[in-house]
Structure formats: C-alpha cells, structure tokens
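1. Below is the sequence, then the predicted model.
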Amino acid sequence: QQDERSFLLRLKGTNDYTGTSMKHLSDNEHVLKRPGMYIGDTVSRGLHHTVYEVVDNSIDEAMAGFAKEVSVVIHPDGSVTVEDDERGIPVDIHADLSEEFGRDVTTLEGVMTVLKFGGKFEDEAYGGVTGGLHGVGVTVVNVLSEWCIVEVRRDGHVYQQEYERGLATTEVRRTGATSKRGTKTTYKPDAQIFKVTTFNASTLSKRLQELAFLNAGVKINFKDERSD
C-alpha cells in the first residue's frame, strides 16, 4: 500500500496526471511489480516468507482437524518442498472460474494461479481460524517461482500440475493411485526476482519449531538435503 501511495504521489507531482497516465496491471504483473507488498521484500526475509506461506496452508488444515504432519525439505538445487497429509486441494472443474476464463479451470489451478481465490473467505471450510495471506499466499509464491510442481493425493488418486512463474504449463493430470491424502508443493524461487535465493536452514528450523509449539498435535519435520 505504501508503494502504491508513493506511485500516485509521484504521478500527482507531474503534468501528466491524466487518465492516460494510469495503467491497469494483471494480478501476476502486480505481484511481479510490487512483490514487497505481498512478502515483505525480495531478499532473505521475503525468500523465507515464501516457505511460511505454503506451510501456513498446511497449518490451517491441521487447525481445522484435517492434518497431523507437515514436512519441509530444502533440496540441493535451491528448491523447497512442503508436504502434508491434509485433505488435498480439490481438482474438480470450478464452474465460476471456467466461465470467467472461457475454458475448463480446476480448483487446483485456481488456487495456484488466481489471486483472491480460496476457501478461507467463508467460515465453513476452516471454522473461521486461519493464517497466511488468505487467497493470495500460495498464488504469490507460485508467481515468484521459476517453476513449481504441485502433487495432490485425493480420493484414491495422485494428481499433478506444473507451473512456470505463476502460469500453468500442464493440465491437471492423474499420475497414479494411492491410499494416502495430502498436498505436496515443490518450488524454486525465481533468481530474476530474489536478490537472495539461498535458504538459511537455521532461520527455517527456528520458525518451524515455533509453529510446532503453537499448534499442538501437529508434527513438523524439517530436512536440509544440502548438508547430507
């Protein structure tokens, strides 16, 4: 908001403050133009905040009684995986989004690519107790990632969709069968956006430990494969 106010004040200070000086940005363009409005900054703080946003979704599921275990893994290539045993993001076709975009759009694609779309705006889905940036967090993480892969285990099947810089590059496809449930999100922060792209294991470990203390009954596992 501060960035937006500064932008408007600069416009007002010129002779070109007219309708033609205004520009409408798409959701993705706005995130890329003003990432600090969503994650704080594009250095270490913002980098680690991306993990917290994805983890918050899992914690919300745990608080609602649908998850018991969350795992966070830093990979040698600089990507990170957050995995849980919750209900799994729905993969059905979402009627409203499909009508809006003029094609079949799944709920999973909506969650990952559309800002202000999610199940935290109504009390029914989470009992009114949630954290993170409602309907924004994981979408922003996806937009600020070079690539992202989401795997959903739900209704006896495994589903997967892949993205690049916030845009789906594949359809949601069924990749196997399973008796488990949950969501696994793996993403690599975009080096074109972040000035710092190396996760600090101690920073993440401390925050995850705090979350474990604050959320009784939730087991949070953390692993840094770079040190293996």
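-> That came through fine.

2. who does whichever strand in the chain runs longest pair up with?
-> Longest strand in the chain, counting residues (DSSP state E): strand 145-154. Paired neighbours of strand 145-154 in the sheet (DSSP bridges): strand 157-164 (antiparallel), strand 182-189 (antiparallel).

3. Only the buried residues of that strand, if you could.
-> Ser145, Glu146, Cys148, Ile149, Val150, Glu151, Val152, Arg153, Arg154 (16 or more other C-beta atoms under 10 Å). Heads up, the C-betas are built off the backbone N, CA and C, glycines and all.

4. hmm, back to that, let me have the strands paired with strand 145-154 in a markdown table, extended by distance to Ser26 and mean neighbour count.
-> Output for these, formatted as a markdown table (distance: least, C-beta to C-beta, whole Å; neighbours: other C-beta atoms under 10 Å):
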| stretch | distance to Ser26 | mean neighbour count |
| --- | --- | --- |
| strand 157-164 | 16 | 18 |
| strand 182-189 | 20 | 22 |
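
5. Looking at those, which is nearest to Val51?
-> Among those, the nearest to Val51 by C-beta to C-beta is strand 182-189 (9.4 Å).

6. Can you list the neighbours in contact with the closest one?
-> With contacts defined as C-beta atoms under 8 Å, 6 or more residues apart in numbering, strand 182-189 is touched by 47, 50, 54, 57-58, 67, 75, 77-86, 88-89, 138, 141-142, 144-153, 197.

7. elements contacting the helix or strand just after that strand?
-> For strand 182-189, the following helix or strand on the C-terminal side (DSSP states H and E) is helix 201-214. In terms of contacts (3 or more C-beta pairs under 8 Å, 6 or more residues apart in numbering; DSSP states H and E), helix 201-214 is packed against helix 44-63, strand 69-74, strand 219-224.

8. one more time with 6 Å
-> strand 219-224 (3 or more C-beta pairs under 6 Å, 6 or more residues apart in numbering; DSSP states H and E).

9. Now tell me which helix or strand of this protein has the poorest mean pLDDT.
-> helix 123-126 (a mean of 46; mean pLDDT, DSSP states H and E).

10. State the mean pLDDT of the helix or strand just after that helix.
-> The element immediately downstream of helix 123-126 (helix or strand, assigned by DSSP H and E) is helix 137-143. Mean per-residue pLDDT for helix 137-143: 94.

11. What are the contacting residues of helix 137-143?
-> Asn28, Val31, Tyr38, Thr50, Glu53, Val54, Asn57, Met112, Leu115, Cys148, Tyr163, Gly166 (C-beta atoms under 6 Å, 6 or more residues apart in numbering).

12. In this protein, which residue is most central in space?
-> With distances taken as C-alpha atoms, centre = their mean, the residue of the chain nearest its centroid is Val138 (1.3 Å).

13. separation between it and Thr183?
-> To Thr183, Val138 is 10 Å away according to C-beta to C-beta, to the nearest Å.

14. which stretches of this protein have low pLDDT?
-> 1-24, 119-135, 228 (pLDDT under 70).

15. could you redo the last one with a cut-off of 90?
-> By pLDDT under 90, the weakly predicted segments of the chain are 1-28, 63-64, 116-137, 216-217, 227-228.

16. Could you export the contacts of helix 137-143 to TSV, including columns for distance to Leu214?
-> Listed next are the contacts of helix 137-143 as TSV, based on distance: C-beta to C-beta, whole Å:
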residue	distance to Leu214
Asn28	33
Val31	28
Tyr38	23
Thr50	20
Glu53	16
Val54	17
Asn57	16
Met112	26
Leu115	27
Cys148	27
Tyr163	30
Gly166	30
